[in-house]
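S.K.: 3D model of this:
(chains A and B)
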Number of protein chains: 2
Amino acid sequence: MRIVTYGAAVSLDGFIAGPNGEIDWLHFSDDVRDIMKDFFLDVDAILMGRKTWAVGQAQGQGGASGMQTYVFSRTLTSIDVPGVTLIRDDAVTFVRRLKNQPGGRICLMGGGELARPLLAAGLVEEVGLNVHPILLGEGVPMFPTSSARVPLELTDCRTIHGGCVLANYRVVQRRR
Amino acid sequence: MRIVTYGAAVSLDGFIAGPNGEIDWLHFSDDVRDIMKDFFLDVDAILMGRKTWAVGQAQGQGGASGMQTYVFSRTLTSIDVPGVTLIRDDAVTFVRRLKNQPGGRICLMGGGELARPLLAAGLVEEVGLNVHPILLGEGVPMFPTSSARVPLELTDCRTIHGGCVLANYRVVQRRR
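M.R.: Purely as a prediction, here's the structure:
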């Protein structure tokens, strides 16, 4: 079954962007570039919610070449970008089916509104954070409030350039 | 001037306790015991809010021997425990004065309701987290919402027993 990784760069207080989408605090480095490059070698599908899609569009990003991007939205009616598919169905149902199809790794992009139901449904195998040395105070949370506890197992932790901490976790799947 | 360290054990999503104060997910180990022992060697004062005090009282904890504990509350009228002082004044004013008095390190305990104004006022020099491998989903946040950004500098990061990540930061004080 295909593996879903939920990854994001976050502030120490868990925000992936400021209250108005600010990402001026993000630290890009050769470390980050190398890590992203290695990670995306095995990825051939990207999942994101409408808001993340809108942020990418505003920055002039479209679909990623060689990848299938799925944008989940009940309000959008169409997306006319090659390699990008609008999914108006229930995310849990769709992702469960997608994981059973042949293919590579699946990357789940933050914000957390899409991650929450997928984590709760046990459809996410890995969580990766690039923790930046700042408290933003407010913003878009990587992990929105949820009533479900999710136990994790630390698989890797290291300090990278700029005082960022890279921490990767395996989701401990509970028996269902 | 005395140094204030704000430290706590947190879930990966930033909670120091569950919604009903649950701390059953905390991982105690020889690593934690040694780290706490070393840290508290230099500490001679502890700051906490009313709720943290109440949690400690419920667990049968009083003041710590050899330390002065300050409990901040506007609703409590008295605390009759040796070594424990109730502070009904403004926390920022009190801590600013305390830091200028002779003494050792000051430990600021979570929850974050007391930490927020002290961080915003530039009265906290260090932030230390013991990040546990779990998403709690909801609970008592280490860093409550604030409108102030606080830049940090990573001073130490290492993995300890149980897949916990110990991360220490120096607060980058802005010029005032």
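S.K.: can you tell me the SS state at residue A:52?
M.R.: Three-state assignment for residue A:52 (DSSP: H, G, I helix; E, B strand; the rest coil): helix.
S.K.: what is the burial count for it?
M.R.: 23 (other Cβ atoms under 10 Å in any protein chain shown). For every residue, glycine as well, the C-beta is placed using N, CA and C.
S.K.: excluding residues flanking it in the chain, which one is nearest it?
M.R.: Leaving aside its chain neighbours, residue A:52 sits nearest to residue A:109 (5.3 Å; criterion: Cβ to Cβ, 6 or more residues apart in numbering or on different chains).
S.K.: list the contacts of that neighbour.
M.R.: A:7-8, A:46-48, A:52 (Cβ atoms under 8 Å, 6 or more residues apart in numbering or on different chains).
S.K.: got the phi and psi for it?
M.R.: For residue A:109, the backbone dihedrals (degrees, to the nearest 10) come out as phi -90, psi 150.
S.K.: mind listing residues that contact the helix or strand of chain A with the lowest mean pLDDT?
M.R.: Across the helices and strands of chain A, mean confidence by mean pLDDT, DSSP states H and E is lowest for helix A:50-58: a mean of 84. If you take Cβ under 8 Å, 6+ apart as the criterion, helix A:50-58 is touched by A:17, A:21, A:48, A:62, A:71-73, A:75-76, A:79, A:109-111, A:113-114, A:140.
S.K.: scan chain A for its longest helix.
M.R.: helix A:30-41 (DSSP state H).
S.K.: please save the CA atoms from that one in PDB.
M.R.: What follows is helix A:30-41, C-alpha atoms only, in PDB (Å, rounded to 0.1, in the frame of the first residue of the first chain):
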ATOM      1  CA  ASP A  30      21.100  23.800   1.000                       C
ATOM      2  CA  ASP A  31      20.100  21.400   3.700                       C
ATOM      3  CA  VAL A  32      16.400  22.000   3.000                       C
ATOM      4  CA  ARG A  33      16.900  21.700  -0.700                       C
ATOM      5  CA  ASP A  34      18.800  18.400  -0.400                       C
ATOM      6  CA  ILE A  35      16.200  17.000   2.000                       C
ATOM      7  CA  MET A  36      13.300  18.000  -0.200                       C
ATOM      8  CA  LYS A  37      15.000  16.600  -3.300                       C
ATOM      9  CA  ASP A  38      15.600  13.200  -1.700                       C
ATOM     10  CA  PHE A  39      12.100  13.100  -0.300                       C
ATOM     11  CA  PHE A  40      10.400  13.900  -3.600                       C
ATOM     12  CA  LEU A  41      12.400  11.300  -5.500                       C
END
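S.K.: nearest residue to the middle of chain A?
M.R.: residue A:109 (2.2 Å; Cα atoms, centre = their mean).
S.K.: quick one, strands of chain A?
M.R.: A:4-11, A:15-17, A:43-49, A:68-72, A:84-87, A:105-109, A:126-132, A:134-135, A:140-141, A:150-160, A:164-171 (DSSP state E).
S.K.: tell me the most buried of the ones you listed?
M.R.: strand A:15-17 (a mean of 26; mean count of other Cβ atoms under 10 Å in any protein chain shown).
S.K.: residue A:163 against residue B:154, yeah?
M.R.: Yes - with contact defined as Cβ atoms under 8 Å, residue A:163 counts as touching residue B:154 (3.5 Å).
S.K.: count of neighbours near residue A:30?
M.R.: Neighbours of residue A:30 using other Cβ under 10 Å come to 9.
S.K.: next one: residue A:67
M.R.: If we define neighbours as other Cβ under 10 Å, then residue A:67 has 17 of them.
S.K.: over to residue A:29?
M.R.: Counted by other Cβ under 10 Å, the residues lying close to residue A:29 total 12.
S.K.: thought residue A:107 was touching residue A:40?
M.R.: Yes - applying Cβ under 8 Å as the test, residue A:107 and residue A:40 come out as touching, 7.3 Å apart.
S.K.: for residue A:120, find the nearest of the strands of chain A.
M.R.: strand A:150-160 (7.8 Å; Cβ to Cβ).
S.K.: give me the contacts around the closest one.
M.R.: By Cβ under 8 Å, 6+ apart, the list of residues contacting strand A:150-160 reads A:29, A:31-32, A:35, A:119-120, A:126-127, A:130, A:165-172, A:174, B:12, B:133-135, B:137, B:154, B:157, B:159, B:163-165.
S.K.: any stretches of chain A with poor pLDDT?
M.R.: A:62-64, A:175-176 (pLDDT under 70).
S.K.: now with 90?
M.R.: A:21, A:51-67, A:110-113, A:147-148, A:173-176 (pLDDT under 90).
S.K.: near chain B, which residues of it? Just list them.
M.R.: Counting by Cβ under 8 Å from any Cβ of the partner chain, chain A comes close to chain B at A:12-14, A:25, A:119, A:127, A:129, A:131, A:133-138, A:142-143, A:145-154, A:157, A:159, A:163-165, A:167, A:169.
S.K.: repeat that for 7 Å
M.R.: Taking Cβ under 7 Å from any Cβ of the partner chain as the criterion, chain A approaches chain B at residues A:12-14, A:133-138, A:143, A:145-154, A:157, A:159, A:163, A:165, A:167, A:169.
S.K.: which one is residue A:110 nearest to, not counting chain neighbours?
M.R.: residue A:8 (3.8 Å).
S.K.: distance of residue A:150 relative to residue A:94?
M.R.: Counting by Cβ to Cβ, to the nearest Å, the gap between residue A:150 and residue A:94 amounts to 20 Å.
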